[in-house]
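1. predicted structure and sequence below. I'll ask about it afterward.
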Amino acid sequence: MIEFMKSIAKQAGAIALAGQLELQKKRIHTKGNARDLVTDTDRAVEEFICSRIREEYPQYGIFGEETGKSDSSSEYCFIIDPIDGTASFVHNLPNWCVSIGLHKNGEPIVAVVYQPSMNDLYYAEKGKGAYLNGTKLHVSACDTLVESIVGTGFFCLRAGWKEENNLKYVSRIAPLVCDLRKYGSAALDACLVARGSLDAWWELCLAPYDIAAGVLILTEAGGRITDLHGGTEFPQKGIMGSNGALHSTLLKFFEDHQDLHS
Ligand code: 2AM
Ligand code: CA
């Protein structure tokens, strides 16, 4: 299974890269077409992944960002984000990826995240560790906020959260940490924590396909994932992934500022 998922993620990445090349040619000159093209590429990538899954695992469920949930009673479900980090994809920035997770009875068991711009393939199987291009991953050992680099994202702003949004957390945490990062792909943020480049990451308002693969890669690399209250209701109640060592400190931070978030 893992080899199948790695292979389709890489092929999907190649389809996306070809779409991105077309997009770059058109983006400078024609606004409207560029928007259509990214949607077309998203759909083409997801359709490719779904068709390969239907060939190899016809009985399994599929939940894709573009096509929604398939009708299936299988205990297995593939969860697909064909291009996570769409804004970076459109603007020719490197921080976008193909994300494919496999759940069994709602629990992640296999995960693949492919970042074509770097040719980086992250993957994990439950209980077998997480890897980047064959090298085992481990989260960082950083245990103080003042030394930490923490990632976040602002989808909540685009989702229309006018008052209770992430900006209030950001303004309060910025003075406490070494630095903040915002890369625009939740799947890659989770992988960056898994490889120890970020010490933690949080976001308020994501969908299951944004994080389905990233959560397993992060936890298999020794990290911890919860909602912003320390529970398991992510991403509905926000999500935080950390190296583990910083987790309780960050949960305390969010608890102390809970009035900022409904
Ligand atoms: P995307 O690039 O696939 O749209 C950045 O803050 C994160 O928010 C990205 O992972 C981005 O995924 C995600 N995001 C953007 N629009 C979203 C939506 N409508 N629902 C859920 N997540 C979204
Ligand atoms: Ca996404």
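-> Here it is on my side, so go on. Ligands and ions are numbered 1, 2, ... in the order given.
2. okay, now Asn119: neighbour count?
-> A count of nearby residues for Asn119, using other C-beta atoms under 10 Å, gives 10. Yep, even glycine has a C-beta here, placed from its N, CA and C like the rest.
3. that one: what's it in contact with?
-> Asn119 is in contact with Asn133, counting by C-beta atoms under 8 Å, 6 or more residues apart in numbering.
4. in the stretch 1-150 of the chain, what residue is nearest ligand 1?
-> Distance from ligand 1 to each residue of the stretch 1-150 of the chain (C-beta to the nearest ligand atom) is smallest for Thr86, at 3.8 Å.
5. what does the stretch 151-262 of the chain have sitting close to ligand 1?
-> By the rule C-beta under 6 Å from any ligand atom, the part of the stretch 151-262 of the chain lying against ligand 1 is Gly153, Phe154, Phe155, Gly184, Ser185, Ala186, Glu203, Leu206, Ala207, Asp210.
6. how far away is the fifth one from Ser117?
-> Okay, so that is Ser185. For Ser185, the distance to Ser117 (C-beta to C-beta, to the nearest Å) stands at 11 Å.
7. quick one, phi/psi of Lys69?
-> Phi and psi for Lys69, reported as degrees, to the nearest 10, are phi -90, psi 140.
8. that one bridge partners, please.
-> Taking DSSP bridges as the rule, Lys69 bridges to Phe63.
9. list the contacts for it?
-> Contacts of Lys69 by C-beta under 8 Å, 6+ apart are Gly61, Ile62, Phe63.
10. the most centrally placed residue in the chain: what's it in contact with?
-> Centroid check for the chain by C-alpha atoms, centre = their mean gives Ala187 as the closest residue, at 1.5 Å. Contacts for Ala187 (C-beta under 8 Å, 6+ apart) come out as Asp81, Asp84, Gly85, Cys97, Ser99, Val113, Asp210, Ile211, Ala213, Gly214.
11. equivalent analysis for Asp120, please.
-> By C-beta under 8 Å, 6+ apart, the contact list for Asp120 reads Tyr114, Leu132, Asn133.
12. among the residues you listed, who's most crowded?
-> Counting neighbours by other C-beta under 10 Å, Tyr114 leads the contacts of Asp120 with 26 neighbours.
13. please, which helix or strand holds it?
-> Assigned by DSSP states H and E, Tyr114 belongs to strand 107-115.
14. need the pLDDT of Trp161.
-> For Trp161, the pLDDT comes out at 63.
15. near ligand 2, which residues of the stretch 151-262 of the chain show up?
-> Contact residues, the stretch 151-262 of the chain versus ligand 2 (C-beta under 5 Å from the ion): Asp210.
16. now do the strands in the stretch 151-262 of the chain.
-> Remark: strands assigned in the stretch 151-262 of the chain by DSSP state E, counting those that start in this stretch are 179-181, 200-203, 224-226, 239-242.
17. can you tell me what sits against the last one?
-> Same thing as strand 239-242. So strand 239-242 is contacted by 139, 186, 189-190, 193, 199-203, 206, 211, 214-215, 218, 223-228, 234, 247, 250-251, 254 (C-beta under 8 Å, 6+ apart).
18. CA atoms only for that strand, dumped as PDB, please.
-> Extracted in PDB, the C-alpha atoms of strand 239-242 (Å, rounded to 0.1, in the frame of the first residue of the first chain):
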ATOM      1  CA  ILE A 239      -5.300  22.000  15.500                       C
ATOM      2  CA  MET A 240      -1.900  22.100  17.100                       C
ATOM      3  CA  GLY A 241       1.000  19.900  16.200                       C
ATOM      4  CA  SER A 242       4.200  20.100  18.200                       C
END
